[in-house]
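Asks: Just the structure for this:
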Amino acid sequence: AYRLPNLRTLLLNVWHRAQMFLRRAGTVILSCSVVLWALATYPKTVVPANLDQNRAHEMQLENSALGHVGKIIEPLVRPLGYDWKIGVSIAASFAAREVFVSTMGTIYGVGEADETSLALRERLRAEVNPVTLQRQYSPLVALGLMVFYVYALMCISTVAVTVREAGGGRIGWGWAVTQFVYMLGLAYIAAFAVYQGGRLLGYS
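Replies: Predicted coordinates:
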């Protein structure tokens, strides 16, 4: 006969799993943040003394190792409405999708950043596309980004689980790679359709 689970046992199990997730996610986010900070800080760029703080930070960032990587990624994500900063953040979030926000925080130099960070929100709202002179991160771009993350498989641990559950070895890795490429491609196509479709309808 079916028995209702004991409430105390259920709560303890939930708490234990939540602790494991927070410990793992916190470690991944911290590690990625340290690496990204180093990439965004070096090599050092000589900045003219008459530049304001924000422009000086932007100049350093564009000439850093992270900036160079971002410029390589940018042509791939430009059709989705993303710039190199979002491209780098997406690449970093392959470790865990929670890393996306902390990466944007590192790029914009706002220190501790999460989804409630007012400083990061204000910087994103103020960002202007140097070519179109319009908002870089419009609601349409944000919608496309959300759609991308709905479909994309952005978690290394999920790939590892797929390998294990599929039996490991070549077969396990074959399934994992197929799943990853398929879902990433689906995410790209969906985000492309949202952004370009929105532009055709007159949204920006």
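Asks: residue ranges for the helices of this structure, please.
Replies: For the chain, applying DSSP state H gives helices covering 7-41, 53-62, 65-77, 84-92, 99-107, 118-126, 139-151, 156-165, 169-200.
Asks: Pick out the residue nearest the middle of the protein.
Replies: Closest residue to the average C-alpha location of the chain: residue 100 at 2.8 Å, with C-alpha atoms, centre = their mean.
Asks: my guess is it meets residue 91, correct?
Replies: No - judged on C-beta atoms under 8 Å, residue 100 makes no contact with residue 91 at a distance of 9.8 Å. For the C-beta atoms, the positions are set from N, CA and C on the backbone; glycine is no exception.
Asks: if I pick residue 90, what's in contact with it?
Replies: By C-beta atoms under 8 Å, 6 or more residues apart in numbering, the contact set of residue 90 is 77, 82, 100, 148, 154.
Asks: what do you get if the cut-off is 7 Å, keeping everything else the same?
Replies: By C-beta atoms under 7 Å, 6 or more residues apart in numbering, the contact set of residue 90 is 77, 100.
Asks: any idea how far residue 165 is from it?
Replies: Separation of residue 90 from residue 165 (C-beta to C-beta, to the nearest Å) stands at 26 Å.
Asks: same deal with residue 39?
Replies: 34 Å.
Asks: out of the two, which sits in the busier spot?
Replies: Neighbour comparison, residue 39 and residue 165: the larger count goes to residue 39, with 19 against 11 (by other C-beta atoms under 10 Å).
Asks: okay, now the nearest residue to residue 80 once chain neighbours are set aside: neighbour count?
Replies: Nearest residue to residue 80 in three dimensions, chain neighbours excluded: residue 191, at 4.8 Å (C-beta to C-beta, 6 or more residues apart in numbering). Residue 191 is flanked by 26 other residues according to other C-beta under 10 Å.
Asks: My read is that residue 191 contacts residue 143, right?
Replies: No - assessed by C-beta atoms under 7 Å, residue 191 is found out of contact with residue 143, at 9.0 Å.
Asks: Pull up the overlap in contacts between the two.
Replies: With C-beta under 7 Å, 6+ apart, residue 191 and residue 143 have no common neighbours.
Asks: between the helices of the chain, which gets nearest to residue 47?
Replies: helix 53-62 (4.5 Å; C-beta to C-beta).
Asks: quick one: that closest one to helix 118-126, angle?
Replies: 80 degrees (axes from the mean of the first three to the mean of the last three C-alpha atoms, to 10 degrees).
Asks: that older thread, reformat the helices of the chain as CSV; add mean pLDDT.
Replies: Converted to CSV, the helices of the chain look like this (pLDDT from 0 to 100):
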stretch, mean pLDDT
helix 7-41, 81
helix 53-62, 79
helix 65-77, 92
helix 84-92, 91
helix 99-107, 85
helix 118-126, 82
helix 139-151, 95
helix 156-165, 84
helix 169-200, 95
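Asks: Just put these in JSON lines and tack on distance to residue 132.
Replies: Output for the helices of the chain, formatted as JSON lines (distance: least, C-beta to C-beta, whole Å):
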{"stretch": "helix 7-41", "distance to residue 132": "25"}
{"stretch": "helix 53-62", "distance to residue 132": "18"}
{"stretch": "helix 65-77", "distance to residue 132": "15"}
{"stretch": "helix 84-92", "distance to residue 132": "16"}
{"stretch": "helix 99-107", "distance to residue 132": "20"}
{"stretch": "helix 118-126", "distance to residue 132": "15"}
{"stretch": "helix 139-151", "distance to residue 132": "12"}
{"stretch": "helix 156-165", "distance to residue 132": "36"}
{"stretch": "helix 169-200", "distance to residue 132": "11"}
